[in-house]
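K.L.:
next come a sequence and a model predicted from it.
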Amino acid sequence: MAETENLSNGAENSAQASQAAGRTKDEVALELMRFITLQTGYGKAPQSSAGFSGKPGTRSADEHAEALLELFLRCRQVVNRED
């Protein structure tokens, strides 16, 4: 029984590895963009606080979408850059 589990785990790991190797550069850029937005809280609504804030008012949906597209294009440039 343990041998069967080891074989199935090995098959899953190799399938994941081959899947990761087959990723396109656009998929990698999208993952990078997701990482950046999650780490910086980019997609979250601004939190209200007492006092003054250095940030301007909230963005419209179009402005937010445009900013995300620009971020994706920047991530794409980084991924496609050849060293």
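P.N.:
Cool, got the structure.

K.L.:
low-confidence regions, this protein specifically.
P.N.:
Across the chain, the ranges flagged by pLDDT under 70 are 1-21, 43-59, 83.

K.L.:
and if we set it to 50?
P.N.:
Scanning the chain for pLDDT under 50 picks out 4, 7, 11, 13-15, 17-18.

K.L.:
which residues of it fall in helices?
P.N.:
For the chain, the helices defined by DSSP state H cover 2-21, 25-40, 61-80.

K.L.:
the second one to helix 61-80, inter-axis angle?
P.N.:
On the basis of axes from the mean of the first three to the mean of the last three CA atoms, to 10 degrees, helix 25-40 is oriented at 120 degrees to helix 61-80.

K.L.:
and helix 25-40, what does it pack onto?
P.N.:
helix 61-80 (3 or more CB pairs under 8 Å, 6 or more residues apart in numbering; DSSP states H and E). For the C-beta atoms, the positions are set from N, CA and C on the backbone; glycine is no exception.

K.L.:
contacts for the helix it packs on next, please.
P.N.:
Applying CB atoms under 8 Å, 6 or more residues apart in numbering, the external contacts of helix 61-80 come out as 25-26, 28-30, 32-33, 36-37, 42, 59.

K.L.:
now do Cys75 against Glu82, distance only.
P.N.:
16 Å (CB to CB, to the nearest Å).

K.L.:
more crowded one of those two?
P.N.:
Cys75 (21 against 3; other CB atoms under 10 Å).

K.L.:
ok, Leu38 to Glu31 distance?
P.N.:
Using CB to CB, Leu38 is found at 11 Å from Glu31.

K.L.:
same question for Glu63.
P.N.:
As defined by CB to CB, Glu63 lies at a distance of 24 Å from Glu31.

K.L.:
which one's more surrounded, the two?
P.N.:
Glu31 (13 against 10).

K.L.:
what's the distance between that one and Thr24?
P.N.:
11 Å.

K.L.:
again, but for Ala67
P.N.:
From Ala67 to Thr24 the distance is 23 Å (CB to CB).

K.L.:
with neighbour numbers in mind, choose between these two.
P.N.:
Ala67 (13 against 9).
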